[in-house]
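A.B. asks: A structural model of the following input is requested.
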Amino acid sequence: MIDPVSIALVLAGVVLLFGGAALSSYGVGLAGAIVGGAGGYLVVPGIAAAAGLSGPIGLAAGILLGAGVGVLLTYLLFSIAVAGVSFAAGTLLGWSVIAPAFVSGAWYIEILAAIGIGVLAAAFGTFMTKTAMVFITSYLGAVFASRSITFANLDAAREAVSPDPLLFDPTDPILLGLFVLGVLTQIGLVKLGYVTKLLGVLPGARALRNRGDED
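C.D. replies: Here you go, the predicted structure:
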């Protein structure tokens, strides 16, 4: 049986992969919705169960609440939304790739190292917004489009109250290939001027610029 939620997650990953930064604030909003929805899926159902909203209602409430917060932040607090998405992507990258390879010690040391990488990514996203979002949306898009993280992983992480089920193989050829393809495609859209054309078509689109860029 085809799971429409899983299909939607993959399709959202494809959109982020090939056009996340090109779609300007729309792309950041989509990234915020995915990150917020995943966070809500992990956290809110436990709170909802305590309030008597268990089962599918609690899960749906978690996803919708998290996604709504992610989209709202994008349009009300754009710089904070970019920093938040950058932090989430950097922490995921640090937890899955960098910390296990370069940090030895107890599990909490790896978590602290991953959070530190997330903070650096947030700072990079704040000052180099356009450049950062090309790489971040390509990375998040590749993760979800390649199904390196699925709702089954989120289910396992929620049940185990641990981020371990969200770990994935960073050397997976499909993941790496999609990431490189996404970066090259998005850079090409910028170089060829398609981003400017999209901004002229999409209502309310806010251009992504690095700090110090001219209009």
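
A.B. asks: host element of Gly141?
C.D. replies: Element membership of Gly141 [criterion: DSSP states H and E] is helix 129-145.

A.B. asks: chain center to that helix, what's the gap?
C.D. replies: 7 Å (CA atoms, centre = their mean, to the nearest Å).

A.B. asks: go on, stretch 166-180?
C.D. replies: The answer for stretch 166-180 is 15 Å, by CA atoms, centre = their mean.

A.B. asks: helix or strand right after the helix or strand Asp155 falls within?
C.D. replies: Using DSSP H and E, Asp155 maps to helix 151-160. Using DSSP H and E, the helix or strand that follows helix 151-160 towards the C-terminus is helix 173-191.

A.B. asks: quick check: buried residues in that following helix?
C.D. replies: Going by neighbour count (16 or more other CB atoms under 10 Å), the buried part of helix 173-191 is Leu175, Leu178, Phe179, Gly182, Val183, Gln186, Ile187, Leu189, Val190. Where C-beta positions appear, they are placed from N, C-alpha and C, glycine not excepted.

A.B. asks: the helix holding Asp155: which residues count as buried?
C.D. replies: Phe151, Asn153, Leu154, Ala157, Arg158.

A.B. asks: what pLDDT does the model give Ile174?
C.D. replies: On pLDDT, Ile174 comes in at 92.

A.B. asks: just for the chain, where's the confidence low?
C.D. replies: 1-2, 44-59, 75-77, 98-108, 161, 190, 192-209, 212-215 (pLDDT under 70).

A.B. asks: for it, which segments count as helices?
C.D. replies: 4-19, 25-50, 56-76, 78-93, 99-102, 107-127, 129-145, 151-160, 173-191, 194-201 (DSSP state H).

A.B. asks: distance to Arg211 added to the ones you listed, as JSON lines?
C.D. replies: Formatted as JSON lines, the helices of the chain follow (distance: least, CB to CB, whole Å):
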{"stretch": "helix 4-19", "distance to Arg211": "23"}
{"stretch": "helix 25-50", "distance to Arg211": "16"}
{"stretch": "helix 56-76", "distance to Arg211": "19"}
{"stretch": "helix 78-93", "distance to Arg211": "10"}
{"stretch": "helix 99-102", "distance to Arg211": "28"}
{"stretch": "helix 107-127", "distance to Arg211": "5"}
{"stretch": "helix 129-145", "distance to Arg211": "7"}
{"stretch": "helix 151-160", "distance to Arg211": "34"}
{"stretch": "helix 173-191", "distance to Arg211": "17"}
{"stretch": "helix 194-201", "distance to Arg211": "18"}
